[in-house]
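Asker: Need coordinates for the below:
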Amino acid sequence: MAKTPKRPTAGLPDKETLIAFLREAGEAEKADIARAFGLKGAERRELREMLKELEAEGRLGKRGRKGFSEAGALPPVGVADVVDRDADGELYVQLVKAAEDAPRAILMPDKGAKGPAPGLGDRLLVKFSRSADGWEARLVKRLDAGTNRVLGVIRKSARETRVEPVDKRSKDVLLIPQSMAGELRDGDLVLAAIEKGEHRYGPKRGKILETIGREDDPRAASLIAIHSHGVPTGFSDAVEREALDQALPTLKGREDLREVPFITIDPADARDHDDAVYAQRDEDPKNEGGWIIWVAIADVAAYVRPGTALDREAREKGNSTYFPDRVEPMLPEVLSNGLCSLKEGENRACLAVRMIFDKAGRKTGHRFMRGLMRSHAKLSYEQAQTAIDGQPDDAAGPIMDAILYPLWNGYRCMLKGREKRSPLAIESPERKVLMDPGGGIGAIEPRHSLEAHRLIEEMMIQANVCAAETLEQKRTPLIYRVHDAPSQEKIFNLADFLHTIAKPWNKGEPATTKRFNKLLDETRDGPYAEVVNEVVLRTQMQAIYSPENVGHFGLNLDRYAHFTSPIRRYSDLIVHRGLIRALGLGSDGLTDREIAELPAIAEQVTTTERRSMAAERDAMDRYIAAFLEDRVGATFTGRITGVTRFGLFVRLDETGADGLIPVSTLGSEYFTHDDRAHALVGERTGKRFTLGRRVEVKLVEATPVTGGLVLEMLSEAEPRDPNAPAPRYGIRGRGGDGPPMRGKGRPGGPKPRNGGKPAGGLKGVRKGKRR
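Answerer: Alright, predicted model coming up:
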């Protein structure tokens, strides 16, 4: 809770007064600031513009969704981890959810404290204050520990045994006592704990908590990702018993939809089928040329009820997590691949929506129902696409006229409405890892986007819109899927980059999906198509879950909720329960208690989604590094996708992997980072390496256990820009300003953020992806 500052003088403050107020308050919402200064009407609007300006200038930071604080400031009270210890034994803490460059605070000794002193890895509730020497923290309460654990690989020598962390950002190499090292083998993958004690100097001491595998195990990539990100695995006995104790669905309380010829279209290797579709022409003469689109979704709410062990663990997991060699599901297999999977020819409980579209692709009405359905066919995306392209197989051939042609014609009608809406048309190329029968990596291939993917995507999007509209109409609280418009700072950065490739973008012009799409269309066939697509992607905000609606910028929708994947997303299950309550479809709908907890649930599922995304991304990095390990020394073509002060990121064409070229390896001269030009510029010659340029590189290092790729630049730098100012001095290996480093200064710069990956934004939006 922010402290109450002295009451300021009434009236609109200037910027310095506002910053001073926030410095004293710690944090405050816009409404709190307005009340403190007695602002009304036009003055409140001026305050809003001032806050936007200060945020764009980098002088204000956001705290939560509505709060503001001085940039670089810490709250008066916060939860922090003990993250470091200096040579004098002083401990430093950092906020749990802070960015990597957030300020650290020295933990001041508390002579009156009882119990053992805090140690590395402990989680604490602390009070922050600023002194002349920087930030200080004072212990309020010790919270649960847990961050003192290190996932790493055993490295044994004749003299000692160490644990080297698999996280390439970690410095926590642990020394294991020889008394504990007897049964450990070099290359064991272990979970270790940092030992507390008086070891102020030398390596940190550790103890082994668990041996979880071998670094040379083909499954090590996903095992490391699961453990390092804390992805929950397995289910309790109580959950397994509840999952088994479920009855087959009947018509009681349901509409009979078994004669509606639904089909499922999913990835070829899918084991759970949570959605089915069907389309038919609307025979209503008032809607000539219109279509009726059906979407049926597995009725997970019928089996996972509020307050049960199944519900508690599903909420904790938040969502399923997918790896090339395994899935960590949200629900036990007996449900996710059984009663909740819309299997061909079997009766299944569903929550379905019947949508009506006019000939222009505009949705004119919809109705939800709880039904009993039976899938008439199961196709993969490739099967459906090949059939529509004129080569149906034995599964698709018999249903072409009755099901597949109507589905495609209905989709093409919907497509008119989508094109008018103009959602963001970012292309997000993906790769898939194919495992061989022995569990190794067989190949890495691009995922091809088919029209069948886009058909299912659009039908799911419209069903999601219907869910949000219905719950709003019935005044039932819900969790929205929201995606905010890009921040002013991100738009300014985009405009600066576009200036370097002679593409105008007015910094004052409002960001719209149509404007972004115009830019993407203008560059689609040119040399900068790929990098413009990448930069536009990074300009987007991340989508989150929230009980407060701000719309979905990327899809260009006023209201949106996730409804179509309750087998693998808890957010969708909450929306299902909301519809059941709002429409009186049963007694297992959203409870009053859940309504009160919606903000906490939204935050929880947002957190678990990001946890899964990070784990999936890290596993993919490690699989690709393992795949390329035998090709160290080979040359590859790629494109520069990131320019930082510590080096260049290059995305390889063959695998889509990102590798780092350290700035210290770029040549004999010093390079400085020109952030406005998105380039590394040679101090002596002015030669440049710029964002988006195609290059040839050599693979120098591939480390499967960390997922890191180190590359060497083979292409020559571009000539100096004749319109650019004279290059500034830079420090080789550091990318900073100043005279060249002399003497014993070592090359090599600060560690890359995000584990050595460029930042990302909104991902692609076809089915199976997070929108």
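
Asker: going forward, measure contacts and count neighbours with C-alpha atoms only.
Answerer: Fine.

Asker: Tell me the confidence at Tyr480?
Answerer: At Tyr480, the pLDDT value in this model is 98.

Asker: next one: Ala301
Answerer: At Ala301, pLDDT is 97.

Asker: Doesn't it lie inside a helix?
Answerer: Yes. Applying DSSP: H, G, I helix; E, B strand; the rest coil, one finds Ala301 inside a helix.

Asker: just use 20 as the starting number from now, easier for me
Answerer: Got it, the first residue is 20 from now on, which makes the last one we talked about Ala320.

Asker: which ones are touching it?
Answerer: 592, 595-596, 607-608 (C-alpha atoms under 8 Å, 6 or more residues apart in numbering).

Asker: Farthest pair within the residues you listed?
Answerer: Across the contacts of Ala320, no pair lies farther apart than Leu592 and Asp607, at 11.4 Å, counting by C-alpha to C-alpha.

Asker: Which one's more surrounded, these two?
Answerer: The residue with more neighbours, out of Leu592 and Asp607, is Leu592; 27 against 18, by other C-alpha atoms under 10 Å.

Asker: What sits closest to the more buried one if chain neighbours are left out?
Answerer: Using C-alpha to C-alpha, 6 or more residues apart in numbering and skipping the chain neighbours, the partner closest in space to Leu592 is Pro585 (4.8 Å).

Asker: What separation do you get for that neighbour and Ala619?
Answerer: To Ala619, Pro585 is 19 Å away according to C-alpha to C-alpha, to the nearest Å.

Asker: Neighbour count: those two, which is higher?
Answerer: A direct count of neighbours by other C-alpha under 10 Å for Pro585 and Ala619 places Pro585 higher, at 26 against 13.

Asker: The more buried one should be in a strand, yeah?
Answerer: No. Applying three-state DSSP, one finds Pro585 to be coil, outside a strand.

Asker: Show me where the stretch 370-519 of the chain has its strands.
Answerer: For the stretch 370-519 of the chain, applying DSSP state E, counting those that start in this stretch gives strands covering 382-393, 396-399, 450-454, 460-465, 499-501.

Asker: can you list those strands in TSV and add mean neighbour count?
Answerer: Below are those laid out as TSV (neighbours: other C-alpha atoms under 10 Å):
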stretch	mean neighbour count
strand 382-393	20
strand 396-399	19
strand 450-454	17
strand 460-465	15
strand 499-501	27
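
Asker: Figure out which of the ones you listed is closest to Leu143.
Answerer: Using C-alpha to C-alpha, the nearest of the strands of the stretch 370-519 of the chain to Leu143 is strand 499-501, at 32.1 Å.

Asker: so how far is Trp310 from the residue located most distally from the centre of the chain?
Answerer: Largest separation from the mean C-alpha position in the chain: Pro304, at 46.3 Å (C-alpha atoms, centre = their mean). Remark: distance between Pro304 and Trp310 (C-alpha to C-alpha) = 12 Å.

Asker: And for Phe342, nearest residue in space, chain neighbours not counted?
Answerer: Of all residues not flanking Phe342 in the chain, Glu635 sits nearest, at 6.0 Å (C-alpha to C-alpha, 6+ apart).

Asker: burial count for that neighbour?
Answerer: 20.

Asker: For whichever strand or helix holds it, which residues meet the burial criterion?
Answerer: Remark: Glu635 resides in helix 617-647, with elements defined by DSSP states H and E. If you call a residue buried by 16 or more other C-alpha atoms under 10 Å, then helix 617-647 has these buried ones: 617-618, 620-621, 623-625, 627-628, 630-635, 637-647.

Asker: mind checking how far that helix is from the chain centre?
Answerer: Relative to the centre of its chain, helix 617-647 is centred 6 Å away, using C-alpha atoms, centre = their mean, to the nearest Å.

Asker: got the angle for it vs strand 460-465?
Answerer: Here helix 617-647 runs at an angle of 120 degrees relative to strand 460-465 (axes from the mean of the first three to the mean of the last three C-alpha atoms, to 10 degrees).

Asker: tilt between helix 617-647 and strand 450-454?
Answerer: For helix 617-647 against strand 450-454, the angle by the same axes, to 10 degrees is 60 degrees.

Asker: Can you name every helix or strand that helix 617-647 contacts?
Answerer: If you count contacts as 3 or more C-alpha pairs under 8 Å, 6 or more residues apart in numbering; DSSP states H and E, helix 617-647 packs onto helix 239-248, helix 328-336, strand 340-342, strand 460-465, strand 563-565, helix 589-602, strand 713-722, strand 727-732.
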